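Peer 1: coordinates only, sequence not included:
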């Protein structure tokens with residue numbers, strides 16, 4: 001049986017205003033393969049974009065059971081998983097938690113792989129993180145932005 005691949009992912013989210021136009025940037029690396037992904041949204045928040053970057057990255061993986069290391073400068077995302085808060089939120093059906101739509105979607109993608117999160121300091125000259133930041137900011141400034149259907153000022 002073929003061994004699942006090891007994949008390194010860098011993610012970042014951005015919002016011009018919070019809420020405001022936003023975007024995410026992703027760099028996926030596996031062996032000699034590298035892929036960059038980005039998307040922008042009309043009205044969203046920084047935290048939604050940080051989380052959506054991770055979700056889209058995980059959803060883009062083709063082989064289940066992959067060994068994935070995600071580097072993020074988002075304490076919101078890294079701590080929610082590493083400190084296991086998101087699993088407690090899930091047990092309580094995400095009551096009184098922000099972004100329940102994205103957290104539920106995250107858990108589906110997360111459970112398909114062996115995922116480890118590493119928090120990194122943003123704007124600390126980590127090349128792939130800088131690329132993600134640039135991709136996220138550029139995506140948020142595109143002329144045609146998507147609607148973030150899950151965004152609501154209440155959540």
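Peer 2: It's in. Predicted, not measured: the structure shown is a model, and the values here were computed from it.
Peer 1: Could you pull out the strands in the protein for me?
Peer 2: 6-15, 20-30, 33-44, 67-72, 114-119 (DSSP state E).
Peer 1: now for those strands, which one comes closest to residue 131?
Peer 2: The closest of these to residue 131 is strand 20-30. By C-beta to C-beta, the value is 5.5 Å. (C-beta placed from N, C-alpha, C; glycine too.)
Peer 1: Report the rounded mean pLDDT for the closest one.
Peer 2: For strand 20-30, the mean pLDDT works out to 97.
Peer 1: tally of neighbours for residue 110?
Peer 2: Residue 110 has 19 neighbours, counted by other C-beta atoms under 10 Å.
Peer 1: Am I right that it is in contact with residue 58?
Peer 2: Yes - applying C-beta atoms under 8 Å, one finds residue 110 in contact with residue 58, separated by 6.3 Å.
Peer 1: How about the contacts made by the closest residue in space to residue 105 that isn't next to it in sequence?
Peer 2: Using C-beta to C-beta, 6 or more residues apart in numbering and skipping residues adjacent in sequence, the residue nearest residue 105 is residue 55, 5.4 Å away. Neighbouring residues of residue 55 by C-beta atoms under 8 Å, 6 or more residues apart in numbering: 102, 105-106, 109.
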